[in-house]
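[1] I would like the atomic coordinates for the input below:
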Amino acid sequence: MADYEYRPVGVETAELAAVVELFATVWPAAHHLTVDYVRWLYADNPSGPVIGYNAWSGAALAGHYVVIPIRARIHGQVVPAALSLNTAVHPAHQGKGLFTELARRSYEMARTRGAHHVIGVANANSTPGFLRKLEFHDLGPLDARILWAAPTLDARATPAAWERVWEPHDLAWRVRNPSRRYTLVAKRGCRQILAPTGRYGILALLKLDPLSEAAPLDGWAVRRPLLPRPLLWIGRSARVRFRPLGGARLPDRFRASPLNLVIRYLVPGTPPVTPDTVEFAALDFDAY
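    Residues are numbered from 1 along each chain as shown. Okay, here's the model as predicted:
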């Protein structure tokens, strides 16, 4: 580990370009990971700038890990928190403990900046590392459904023990993602925020809001409704109500990887959140 220099992630163009080059090496098919996208995500977030570390081997970027600030409601209290996002280690530097060291430093920085906890979505390969090495708690897999009938929201559902807080300015920033285009649809008393999935004819349903409470979203990144089509819903919710015969759970064989929700508490003594008390939607992380 002494061969690496660890520096907080910056948002200057040259450093972002090095990060994007690393992403292209690790995930060559992820074409949305551009400098404009990373600048939007790391520098423009109204909840605060990116938190994380780069590991440098001389002039080469060997590893990268970040969380971004968010706000969350946990056990009825709104607190600053962090969302675990991009992790990349160059193939030439894998197997040397870089991910664990970068994560440890990033969580300590998040704690010193006031974050109450870190939440994230881990795939099947990374989940064991988050749980065994990084002190995360498993909140279980995210549900995935294909819908051909619009769901609704149950206003009588028990309040969630955890949910992300989206103020109007947060939501306006989220839909300005330069690598995506979003669509608004009003159905069954709810506003749907939709995004392309990359699979022909299917849109992702990212978030449902009651029409009476939905903040205006008229920015340049938002388009108006397309023709009806099947929707992909990913998340955890006791509030969303699916219509009988209006959809089906997506079989595991059609998923790229099971997605597991994990959380690490940065404040000692925090009462744990249980899986059945979480409200988590696709808009709450970086799926689309």
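[2] and the strands in the stretch 101-250 of the chain, which stretches?
    With DSSP state E, counting those that start in this stretch as the criterion, the stretch 101-250 of the chain has strands at 117-122, 137-141, 143-147, 152-153, 162-164, 182-187, 190-196, 203-210, 222-223, 231-236, 240-241, 247-249.
[3] which stretch among the ones you listed comes nearest H31?
    H31 sits nearest to strand 190-196 of all these, at 13.0 Å, using CB to CB. C-beta here means a position set from N, CA and C on the backbone, and glycine is covered the same way.
[4] go through that closest one and flag the buried ones.
    The neighbour-count check on strand 190-196 (16 or more other CB atoms under 10 Å) flags 190-195 as buried.
[5] and the end-to-end length of stretch 238-258?
    End-to-end span of stretch 238-258 (CA to CA, to the nearest Å): 20 Å.
[6] show me the contact partners of that stretch.
    123-125, 141, 143-154, 157-158, 160, 208, 231-233, 276-277, 279 (CB atoms under 8 Å, 6 or more residues apart in numbering).
[7] one step back: E15 is nearest to which of the strands of the stretch 101-250 of the chain?
    Comparing the strands of the stretch 101-250 of the chain by CB to CB, strand 117-122 comes nearest, at 22.7 Å.
[8] from the chain's centre, how far out is that closest one? Work that out for me.
    Computed by CA atoms, centre = their mean, to the nearest Å, the chain-centroid distance of strand 117-122 equals 8 Å.
[9] generate a ChimeraX selection restricted to the buried entries among the contacts of stretch 238-258.
    Filtering the contacts of stretch 238-258 down to the buried ones (16+ other CB under 10 Å) takes a single ChimeraX command:
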select :141,143,144,145,147,149,150,151,152,153,160,208,231,232,233,277,279
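[10] how about D284, what does it touch?
    83, 164, 235.
[11] ok, and the most crowded of the residues you listed?
    The residue in these with the most neighbours, by other CB atoms under 10 Å, is G235 (24 neighbours).
[12] so how far is R145 from it?
    9 Å (CB to CB, to the nearest Å).
[13] same thing with R174?
    Distance from R174 to R145, by CB to CB: 22 Å.
[14] burial count for R132?
    Neighbour number of R132 under other CB under 10 Å is 9.
[15] er, A282 I mean
    23.
[16] touching, it and L208? I think so.
    No - contact between A282 and L208 fails when scored by CB atoms under 8 Å: they sit 10.7 Å apart.
[17] helix or strand right after the strand ranked longest in the chain?
    Criterion DSSP state E: the longest strand present in the chain is strand 60-74. Once strand 60-74 ends, the next helix or strand along the chain (criterion: DSSP states H and E) is strand 77-89.
[18] excluding covalently adjacent residues, which one is nearest to A115?
    Excluding the flanking residues, the one nearest A115 by CB to CB, 6 or more residues apart in numbering is A82, at 4.5 Å.
[19] ok, how many other residues are close to that neighbour?
    Around A82 there are 31 other residues, counting by other CB under 10 Å.
[20] ok, now which ones touch it?
    Counting by CB under 8 Å, 6+ apart, A82 touches 51, 67-70, 110, 115, 117-119.
[21] alright, calling it a day.
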